[in-house]
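>>> Provided below are the primary sequence and the corresponding predicted coordinates.
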Amino acid sequence: MNENYWWGLPLPDGVTVGWGARAIDDGRSFGLLSDRQSMKGSDEEKIALAQRLSIGVFDACQREFARLKDTWEIRGNERNLVTLYDKDGLRVEGNTNASYGYFYVRAYARQETA
C-alpha cells in the first residue's frame with residue numbers, strides 16, 4: 001500500500017482512520033490493484049480496519065456494486081457517491097468521478113452521533 005499518496009475518495013472531514021483505492025471498473029465488479037490503495041491511521045488502527053474489511057465486507061461491496069450498475073445508479077460518465085456497505089459502524093463508499101473506467105473507493109469507521 002502506498003502511504004505517500006492517497007488513492008480513492010478523500011476521507012470525510014474529521015476522519016483520521018481509513019482506507020482508499022482507485023479500483024478498475026470491470027463492468028459488474030471492481031478490481032483492486034495493490035499499488036493503488038492507501039491507508040491512514042496508526043499501525044494498530046490500520047490492522048484493525050483491514051481485518052474488518054476482510055471479513056465478508058468486500059464480497060458485500062461487490063454484490064452492491066453489481067446491483068447499482070444494473071440499476072444505472074453507477075455510471076462511468078457521471079459523478080455519483082454511492083454507499084456500498086454501512087453496517088456495524090463501518091461505511092464503504094464509492095464514486096466513478098466520471099472517469100470512464102475507474103471506481104474510487106473509501107472505507108472508514110462511521111462516527112455515531114448521539
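Yep, it's here.

>>> doesn't A48 lie inside a strand?
No - A48 sits outside any strand when classified using DSSP: H, G, I helix; E, B strand; the rest coil, being helix.

>>> give me the low-pLDDT residue ranges for this structure?
For the chain, residues meeting the criterion pLDDT under 70 lie at 1-4, 111-114.

>>> which parts of this protein are strands?
Taking DSSP state E as the criterion, the chain contains strands spanning 18-25, 30-31, 37-40, 82-87, 90-95, 102-109.

>>> now mean neighbour count too, for those, in TSV please.
For glycine as for every other residue, the C-beta is placed from the backbone atoms N, C-alpha and C. Listed next are those as TSV, based on neighbours: other C-beta atoms under 10 Å:
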stretch	mean neighbour count
strand 18-25	22
strand 30-31	18
strand 37-40	19
strand 82-87	16
strand 90-95	20
strand 102-109	23
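
>>> would a markdown table of those strands with distance to W72 be doable?
Formatted as a markdown table, those follow (distance: least, C-beta to C-beta, whole Å):
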| stretch | distance to W72 |
| --- | --- |
| strand 18-25 | 14 |
| strand 30-31 | 16 |
| strand 37-40 | 27 |
| strand 82-87 | 12 |
| strand 90-95 | 15 |
| strand 102-109 | 15 |
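
>>> mind checking which of the ones you listed is nearest L9?
Of all the strands of the chain, the one in closest proximity to L9, counting by C-beta to C-beta, is strand 102-109 (4.1 Å).

>>> how far off centre is the closest one?
Mean-position distance between strand 102-109 and its chain equals 2 Å (C-alpha atoms, centre = their mean, to the nearest Å).

>>> same check on stretch 16-28?
Relative to its chain's centre, stretch 16-28 lies at 4 Å (C-alpha atoms, centre = their mean).

>>> residues near Q62, how many?
Q62: 16 surrounding residues under other C-beta atoms under 10 Å.

>>> ok, G18 touching K40?
Yes - counting by C-beta atoms under 8 Å, G18 does reach K40; the two are 5.3 Å apart.

>>> between those two, which contacts overlap?
Common contacts of G18 and K40, defined by C-beta atoms under 8 Å, 6 or more residues apart in numbering, comprise L11.
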